[in-house]
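J.: Kindly generate the corresponding structure for this input.
(chains A, B, C and D)
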There are 4 protein chains.
Amino acid sequence: MSKKLKSDLGWSTADRIVVRGHDLVELLGKTSLGDFAFFELKGRLPTPQESIVFNAITVTLVEHGMTPSAIAARLTYFGAPEALQGAVAAGLLGMGDRFGGSAEDAARMLQDALGQAKPDADLGALASRMVSDIKESKRPIAGLGHPIHKPVDPRTAKLFEIAAENGLSGRYVELMRLVGEEASRVFGRELPVNATGAIGAIASELEIPWRVCRGLAVMARAIGLVAHLQEEMEDPLAAEIWSRIEDESSSHLRPGSG
Amino acid sequence: MSKKLKSDLGWSTADRIVVRGHDLVELLGKTSLGDFAFFELKGRLPTPQESIVFNAITVTLVEHGMTPSAIAARLTYFGAPEALQGAVAAGLLGMGDRFGGSAEDAARMLQDALGQAKPDADLGALASRMVSDIKESKRPIAGLGHPIHKPVDPRTAKLFEIAAENGLSGRYVELMRLVGEEASRVFGRELPVNATGAIGAIASELEIPWRVCRGLAVMARAIGLVAHLQEEMEDPLAAEIWSRIEDESSSHLRPGSG
Amino acid sequence: MSKKLKSDLGWSTADRIVVRGHDLVELLGKTSLGDFAFFELKGRLPTPQESIVFNAITVTLVEHGMTPSAIAARLTYFGAPEALQGAVAAGLLGMGDRFGGSAEDAARMLQDALGQAKPDADLGALASRMVSDIKESKRPIAGLGHPIHKPVDPRTAKLFEIAAENGLSGRYVELMRLVGEEASRVFGRELPVNATGAIGAIASELEIPWRVCRGLAVMARAIGLVAHLQEEMEDPLAAEIWSRIEDESSSHLRPGSG
Amino acid sequence: MSKKLKSDLGWSTADRIVVRGHDLVELLGKTSLGDFAFFELKGRLPTPQESIVFNAITVTLVEHGMTPSAIAARLTYFGAPEALQGAVAAGLLGMGDRFGGSAEDAARMLQDALGQAKPDADLGALASRMVSDIKESKRPIAGLGHPIHKPVDPRTAKLFEIAAENGLSGRYVELMRLVGEEASRVFGRELPVNATGAIGAIASELEIPWRVCRGLAVMARAIGLVAHLQEEMEDPLAAEIWSRIEDESSSHLRPGSG
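T.: As a prediction, the model looks like this:
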């Protein structure tokens, strides 16, 4: 017996288009793109508070300047101008463990810890055990520290403030903060919660499964990559980047180079 | 002399993150994801009217049910669960000429026609010339007709209504409508403006270059694909799809099949 | 001070194209694609024995029938016929942990074990420790067992035979075999070395780093995907696959479905 | 009635794996990767002459140094080291109209021209008409000229020589040559047949449909990209490339830059 294929996301007939049980046409003009993304993921529209918080964390992920992803997208567009979708896809492919994965790792750490703890578990003691386990395993702690934004990532403070103002600063956010404080103490250096740590914690408050958190980064960055490609169409950089890198990287091999 | 590399999208220092000249942290909590996408593309925040219209056209593009893109994303996730970004990318790669390209084609047709016409050109006469040129060239007309939504695509009426209510129903929308009417007359069958035709026209009202219109579909669909992957994590379909297709497509080759 | 960019793979001038130090034009007509792949990875042409063995393992990876990768590539081509490269890329994106990763995992297990062992370490004792460690960790053992090819994967026997005939069946192959025998004994069921286990072991004999083994699957499968797309051009399946899956997966939502 | 899904490429049972009607295990050790690629595309093994020629054209496409594709693949690997397949896919996505498309365009031009001509049509007259049509349409001529390899691309001469020695220099190759000569005369500058022109012509001699020619570049380049990623693992360039481009491209925006 084969399994019945079944999806609850959308369907349409001659005169109706239905997304997650709602008539799409009735949502148009009333629902913003960010709220619709929440709706797609959760099956219900956000409350006004959830809307502010969800939009804030996704907006944070849209544009990080000339990242490896943005450069890869531009170089791909140069070779395949017929297929903008391919250039965006190439850029998104770099949103892996190092970039897109960091909010996921933080959310996973928090969701694993609170999922296994009693509902009234002491968060300070929990943070202490988490940091000590991680120290022993010699892995890096997700969501802490930043190569540039020291000592404090300005996005973190703002995102935590927005979550608190909207009643979405609960035990995940508190635990993330405590892990940061404990880690700074144990490792003897500033390890503040970074933006992806804040996003992982706040996404957990919104009950978004950790496996989906990388997807928040991916969907947001798709927007940023389209903007980079628009700029590349107007003022192309790819040929110059290619030429410089090709020349320099092969200069030691060329005749007369020695 | 080499060309100076230059991008105006974003940069950061230890305590500031700047996107298109605005401090990102000041936008958080105030700007929705859709408005931020407009900001990324246009370099300024939308007016309230532009916000409603831009969000409406992008929301329309998020979720189209179990499309080839959604199926490809799910199959890819099955093989590479370590890399959600790859599954989203695989889904986006199908947003090409057949899907993502249709809003682009409509916008291009309109922007080319109005770009070459005088500002006060008669739109009826222009539509008539456009349809007659297209008929002669035997190409399909962008933005018209739909295999399922007949005689009228319910999204088109709603999107045009939203554009009109917000003062964004100008000469592009009018020309798209006239092309639809003229084509229905000339080809002798109902060829109503479809959703991508409406989106191409409205994006043109928002002064989004036609080359970027495919990007609107790509950024919106990235959201829908993450929702499909979330559903696939909870209730996987990929193995069943694979098994059925593999069995059927090779059944004529297997011993005893004849 | 910035790091000098440097690549040894290739460069060209007006009248010469050089790949890994050899004039490309002198290799044309003498070097097969598989031997050139070996040359790209190792920086030297293979011996006749290495050539037979390397070509055999890569040929094994080209075509596995109507896999999730092949289906995803076909669906992508349907949506984006302008960009064959995107359809191949979509197919390759499914060559992750579940498929492309299995030869990598086997090679890693063997290279880690023999890398840490003394050159004359007893392989039986080593295999025994490896299986007992893996059993304790509750992870699956890389390179063993197959859902279909039971009790013996016919490719494994052939690949090991080819390696032996060409003097490339050394301690990696021996260890892989012993791990299979030991695992079958410890877990009390047939766990024969499968094709990816054989490929991981033989790639290790060829001194290909385990991190690159997934790449062998990726490069070989690119060939198979082009063949699938050629077949899709001649006799398209994507529309039918889409239609069936869309209808079935939304049938429970449609009016009158209850 | 739904269409029966059907693929002739491969299938397997417990003890057999069959590719295009041949037992895979019997081909292992006898068939090289390039010959197997020919077999996948054509459904039969190549003759010795076809083997030499097909391997020569695919080898030509493997490695072109530090191309935009190679740089994009390296940048993607930096962000997503867990998914080598994603980095290869990102690199392949740049093999579009500008790169992968050039052999396709040349093959299309030749296959269209000879497909419509009588079997004994005079090739000089045909070339003359083709060049004059292209000149009128103001499109570039596929397969001619090269920014670096002037006046003669050394690969072209060698590939044509190999084709001739193996009895595969027929009317497609002759027509390509004549188009080059005629174009040089009509446009008054050197427009020699370049490597992709030679490959498009020779692929046509092998009766490979023009739509598949881009696939030859894609499959070959997948090999080259794996080699670039191996080098990137050993001696990473991505972080340095990122850092330089990010700094320079935002320097005009940073405080004190004016």
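J.: how about the strands of chain A, start to end?
T.: Counting by DSSP state E, chain A has strands at residues A:10-12, A:17-19, A:22-23.
J.: Show me the contact partners of the last one.
T.: Strand A:22-23 is contacted by residues A:16-17, A:39 when judged by Cβ atoms under 8 Å, 6 or more residues apart in numbering or on different chains. (Each C-beta comes from the backbone N, C-alpha and C, glycine too.)
J.: ok, and which of the residues you listed reach chain B?
T.: Applying Cβ under 8 Å from any Cβ of the partner chain, the subset of these adjacent to chain B comprises A:16-17.
J.: Compile the strands of chain A into TSV and extend it with columns for mean neighbour count and mean pLDDT.
T.: Formatted as TSV, these follow (neighbours: other Cβ atoms under 10 Å in any protein chain shown; pLDDT from 0 to 100):
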stretch	mean neighbour count	mean pLDDT
strand A:10-12	23	88
strand A:17-19	22	93
strand A:22-23	14	95
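J.: who wins for proximity to B:L237 among those?
T.: Among the strands of chain A, strand A:10-12 comes nearest to B:L237, with 14.7 Å by Cβ to Cβ.
J.: Please state the offset of the closest one from the chain centre?
T.: With Cα atoms, centre = their mean, to the nearest Å as the basis, strand A:10-12 stands 28 Å off its chain's centre.
J.: From the contact counts, what lies against it?
T.: strand A:17-19 (3 or more Cβ pairs under 8 Å, 6 or more residues apart in numbering or on different chains; DSSP states H and E).
J.: D:G101 is nearest to which of the strands of chain A?
T.: The nearest among the strands of chain A, by Cβ to Cβ, is strand A:10-12 at 34.8 Å.
J.: Sheet-wise, list the partners of the closest one with their directions.
T.: Next to strand A:10-12 in the sheet, as set by DSSP bridges, lie strand A:17-19 (antiparallel).
J.: ok, back up a step: tell me the one of the contacts of strand A:22-23 nearest D:G188?
T.: If you rank these by distance to D:G188 using Cβ to Cβ, A:I17 comes first, at 58.0 Å.
J.: Am I right that A:E174 is in contact with A:L123?
T.: Yes: using Cβ atoms under 8 Å, A:E174 is in contact with A:L123, at 5.5 Å.
J.: got a pLDDT number for the closest residue to chain C within the stretch 151-258 of chain A?
T.: Residue nearest to chain C within the stretch 151-258 of chain A: A:S250 (3.6 Å; Cβ to the nearest Cβ). Turning to A:S250, the model gives it a pLDDT of 94.
J.: Next, work out how far apart the closest residue in space to it that isn't next to it in sequence and D:D153 are.
T.: Nearest non-adjacent residue to A:S250, counting by Cβ to Cβ, 6 or more residues apart in numbering or on different chains: C:W11, 3.6 Å away. Using Cβ to Cβ, to the nearest Å, C:W11 is found at 15 Å from D:D153.
J.: again with A:I141
T.: 55 Å.
J.: So A:E174 and A:L123 - more neighbours on which side?
T.: Legend: neighbour count by other Cβ atoms under 10 Å in any protein chain shown for A:E174 and A:L123, higher for A:L123 (20 against 15).
J.: isn't that one right up against A:L178?
T.: Yes: under the criterion of Cβ under 8 Å, A:L123 makes contact with A:L178 at 5.5 Å.
J.: For A:P255, which residues are in contact?
T.: Going by Cβ under 8 Å, 6+ apart, A:P255 touches C:T13.
J.: which residues touch A:L178?
T.: A:L178 makes contact with A:123-124, A:126-127 under the criterion Cβ under 8 Å, 6+ apart.
J.: how about a cut-off of 6 Å?
T.: A:123-124, A:127 (Cβ atoms under 6 Å, 6 or more residues apart in numbering or on different chains).
J.: Next: A:L75.
T.: So A:L75 contacts A:238, D:68, D:71-72 (Cβ under 6 Å, 6+ apart).
J.: Among the residues you listed, which one lies nearest to A:L93?
T.: Using Cβ to Cβ, D:A72 is the member of those that lies nearest A:L93, at 8.9 Å.
J.: so that closest one makes contact with A:T76?
T.: Yes: the criterion here is Cβ atoms under 6 Å, and D:A72 meets it with A:T76 at 5.4 Å.
J.: shared neighbours, the two?
T.: Contacts common to D:A72 and A:T76, judged by Cβ under 6 Å, 6+ apart, are A:90, D:94.
J.: I'd like the distance between the residue lying closest to A:H228 once chain neighbours are set aside and C:S243.
T.: Leaving out its chain neighbours, the residue that sits closest to A:H228 by Cβ to Cβ, 6+ apart is A:A70, at 4.5 Å. From A:A70 over to C:S243 the distance is 37 Å, taken as Cβ to Cβ.
J.: More neighbours: which of the two?
T.: Neighbour count, other Cβ under 10 Å: between A:A70 and C:S243, A:A70 has more, with 31 against 13.
J.: Retrieve the pLDDT associated with the residue nearest to A:H228.
T.: So A:A70 comes in at 98 (pLDDT).
J.: I'd assumed A:L229 was in contact with it.
T.: No: applying Cβ under 6 Å as the test, A:A70 and A:L229 come out as separate, 9.0 Å apart.
J.: Close to chain C: what parts of the stretch 151-258 of chain A are there?
T.: A:245, A:248-250, A:253 (Cβ under 6 Å from any Cβ of the partner chain).
J.: Among those, which one has the most neighbours?
T.: Highest neighbour count within those, by other Cβ under 10 Å: A:I245, with 25 neighbours.
J.: how much space between that residue and D:I245?
T.: From A:I245 over to D:I245 (counting by Cβ to Cβ), the distance is 9 Å.
J.: Could you check how far A:Y172 is from A:F160?
T.: Taking Cβ to Cβ, one finds A:Y172 at 11 Å from A:F160.
J.: With neighbour numbers in mind, choose between those two.
T.: The residue with more neighbours, out of A:Y172 and A:F160, is A:Y172; 25 against 18, by other Cβ under 10 Å.
J.: Do I have it right that that one meets A:A203?
T.: No: if you go by Cβ under 6 Å, A:Y172 and A:A203 don't touch, sitting 8.5 Å apart.
J.: Quick check: buried residues in the lengthiest helix in chain A?
T.: The residue-count maximum for a helix in chain A (DSSP state H) belongs to helix A:210-234. By 16 or more other Cβ atoms under 10 Å in any protein chain shown, the buried positions in helix A:210-234 come out as A:210-232.
J.: show me the contacts for A:G86.
T.: A:G86 neighbours (Cβ under 6 Å, 6+ apart): A:80, C:83, C:86, D:93.
J.: which one of these sits closest to chain B?
T.: Proximity of those to chain B (Cβ to the nearest Cβ) peaks at C:G86, which lies at 4.1 Å.
J.: ok, for that closest one, nearest residue in space, not its chain neighbours?
T.: Distances taken as Cβ to Cβ, 6+ apart put B:L93 closest to C:G86, at 4.1 Å, once the chain neighbours are dropped.
J.: go on, A:H64?
T.: B:G10 is the one closest to A:H64 (Cβ to Cβ, 6+ apart), at 6.6 Å.
J.: for A:R16, same thing?
T.: A:D23 (6.3 Å).
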